[in-house]
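**Q** all I have is the shape, not the residue letters:
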């Protein structure tokens, strides 16, 4: 038997080259600034506190006279809200002795178009917040001018994204009546850390500006099982609409001369018009818009995109556009595709505003009716008066992306000026 060579079997040169290349690649990965950044923001997300300051919302309520005040504590406690129209005299209160971590208290009998102050805590007199404030909505048809901000897809994978910057920019306004989020509020349906991070970043706004949410596919599941109800979105915003035969996260409200219809078109199964849930919701959408014909404007909000630079959804177009045209919907907002698009189709303006938090789409496909498209972080500021809607879309550094005025001409709303 011949003795083995001292070096063993000699490896081919290409093996050494492959090993060296892999080693270099791993070294680049390990020391890449991108991975360092992801690690830092992920650690920030994981350390966001469970306890959350109070926020104001009105899902399914009449915001002229009702609001919810919600907050979360890191230990089960009773719930107590003191409130009033004077910061120095919180003369009213609501209380619940049930020991819970998630607190949602309903305030009723409020005066319309009125500034209220409030503070939350427990029945033992321990406060969980400083005095905060909110405004109730003006009466429907009052014609009072107002403005609000809207964005969508605020979810951030591993905490990476730009939502905090958008919050900071929106918070520089002093005239926001409310903030609309058109879905995919969070990235993970049932990840508590993900939602802790969302609330930590949005808190500078939502303790005094009511949040008006609409569910996205990352927020709720299909209605084929209970996943649509057992999730973080439902924990923090509840079930907005419920009857013996139909329950969901959809709702509507009137604010001054404008009707808002917040539909639940979120998960893949919410597109098909032939499912029992979608058929019943469409009946509700039709009836609700019919009842809103006396308002100057009707704004429809949902999550999934019928039109976008990433491709159109013909099934959703065939389902939604007849409703939009029949009930003279003034403006349609949605998200889902991570890009900003504005369309003018069938004499209607539709806007995709998926620049709220996460990564942007990698490409643009020109579409019929597309007026403008833009990539990157964005939010839209909307001004409403009795004769027009003005929309301005900005980056977080206030660079103007798009501006359009929708003038009310008879019963129609037509774009007049595009800058």
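**A** Arrived safely. Note that the structure is a prediction, hence the values are computed from the model and not measured.
**Q** could you find the closest non-adjacent residue to the residue nearest in space to the middle of the chain?
**A** Geometric centre of the chain, nearest residue: residue 181, 2.1 Å, by CA atoms, centre = their mean. Once flanking residues are discounted, residue 181 sits nearest to residue 213: 5.0 Å by CB to CB, 6 or more residues apart in numbering. C-beta here means a position set from N, CA and C on the backbone, and glycine is covered the same way.
**Q** and if you look at residue 239?
**A** Nearest one to residue 239, counting by CB to CB, 6+ apart, is residue 247 at 5.5 Å.
**Q** the one you found touches residue 241, doesn't it?
**A** Yes. Counting by CB atoms under 8 Å, residue 247 does reach residue 241; the two are 6.5 Å apart.
**Q** can I see the domain layout of the protein?
**A** 13-47, 65-135, 146-418 (automatic domain parsing).
**Q** which pLDDT does the model give residue 364?
**A** Looking at residue 364, its pLDDT reads 87.
**Q** contact partners for it?
**A** 309, 339, 373, 375 (CB atoms under 8 Å, 6 or more residues apart in numbering).
**Q** residues near the closest residue to the last one other than its chain neighbours, how many?
**A** Pointing back at residue 375 there. In this structure, residue 375 finds its nearest non-sequential neighbour in residue 360, 4.8 Å apart by CB to CB, 6+ apart. Residue 360 has 17 neighbours, counted by other CB atoms under 10 Å.
**Q** swap in the one 3 residues further on?
**A** For residue 363, the tally of surrounding residues (other CB under 10 Å) stands at 8.
**Q** that one: what secondary structure?
**A** Per DSSP: H, G, I helix; E, B strand; the rest coil, the local secondary structure of residue 363 is coil.
**Q** try residue 382
**A** What three-state DSSP gives for residue 382 is strand.
**Q** pLDDT of stretch 117-132, averaged?
**A** Rounded mean pLDDT across stretch 117-132 is 94.
**Q** go on, stretch 208-221?
**A** Mean predicted confidence for stretch 208-221 is 94.
**Q** straight-line length of that stretch, end to end?
**A** From its first residue to its last, stretch 208-221 covers 30 Å (CA to CA, to the nearest Å).
**Q** assumed residue 70 was part of a helix.
**A** No. Looking at residue 70 with three-state DSSP, it is strand, so not inside a helix.
**Q** residue contacts, it?
**A** Counted by CB under 8 Å, 6+ apart, residue 70 has contacts 54, 55, 57, 102, 103, 104, 105, 236.
**Q** go with 7 Å
**A** 54, 55, 57, 103, 104, 236 (CB atoms under 7 Å, 6 or more residues apart in numbering).
**Q** residue 380: how many residues sit nearby?
**A** 24.
**Q** so what's it bridging to?
**A** residue 150, residue 393 (DSSP bridges).
**Q** any idea of the pLDDT on it?
**A** pLDDT at residue 380 comes out at 98.
**Q** could we number from 56 for the rest of this?
**A** Sounds good: first residue 56 from here, last item residue 435.
**Q** hmm, residue 408 and it touching each other?
**A** Yes. With contact defined as CB atoms under 7 Å, residue 435 reaches residue 408; the gap is 5.6 Å.
**Q** which residue packs closest to residue 242, ignoring adjacent ones?
**A** In space, residue 242 is closest to residue 210, 3.7 Å off (CB to CB, 6+ apart).
**Q** wait, what's in contact with the one you found?
**A** By CB under 7 Å, 6+ apart, the neighbours of residue 210 are 239, 240, 241, 242, 273, 412, 413.
**Q** of all the domains of the chain, which gets the most neighbours per residue?
**A** domain 201-473 (a mean of 20; mean count of other CB atoms under 10 Å).
**Q** okay, strands next: where are they in the stretch 256-405 of the chain?
**A** For the stretch 256-405 of the chain, applying DSSP state E, counting those that start in this stretch gives strands covering 266-268, 296-297, 302-303, 306-310, 313-317, 352-356, 386-389, 395-400, 403-408.
**Q** reformat the ones you listed as a markdown table; add distance to residue 136.
**A** Below are the strands of the stretch 256-405 of the chain laid out as a markdown table (distance: least, CB to CB, whole Å):
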| stretch | distance to residue 136 |
| --- | --- |
| strand 266-268 | 17 |
| strand 296-297 | 23 |
| strand 302-303 | 26 |
| strand 306-310 | 21 |
| strand 313-317 | 24 |
| strand 352-356 | 28 |
| strand 386-389 | 31 |
| strand 395-400 | 38 |
| strand 403-408 | 33 |
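**Q** quick one: closest of those to residue 206.
**A** strand 403-408 (6.0 Å; CB to CB).
**Q** direction included, what does the closest one pair up with?
**A** Here, using DSSP bridges, strand 403-408 pairs with strand 386-389 (parallel), strand 395-400 (antiparallel).
**Q** could those go into JSON lines alongside mean pLDDT and distance to residue 222?
**A** Formatted as JSON lines, these follow (pLDDT from 0 to 100; distance: least, CB to CB, whole Å):
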{"stretch": "strand 386-389", "mean pLDDT": "98", "distance to residue 222": "19"}
{"stretch": "strand 395-400", "mean pLDDT": "96", "distance to residue 222": "18"}
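**Q** and the ones you listed as a markdown table, adding distance to residue 227?
**A** Converted to a markdown table, these look like this (distance: least, CB to CB, whole Å):
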| stretch | distance to residue 227 |
| --- | --- |
| strand 386-389 | 22 |
| strand 395-400 | 20 |
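**Q** for residue 112, give me its contacts.
**A** 123, 125, 265, 266, 292.
**Q** please repeat the previous calculation with a cut-off of 10 Å.
**A** 118, 122-125, 159, 189, 233-234, 261, 265-268, 291-293, 295 (CB atoms under 10 Å, 6 or more residues apart in numbering).
**Q** what sits opposite it in the beta ladder?
**A** Beta-bridge partners, per DSSP bridges, of residue 112: residue 123.
**Q** let's see the pLDDT reported for it.
**A** Taking residue 112 on its own, its pLDDT is 97.
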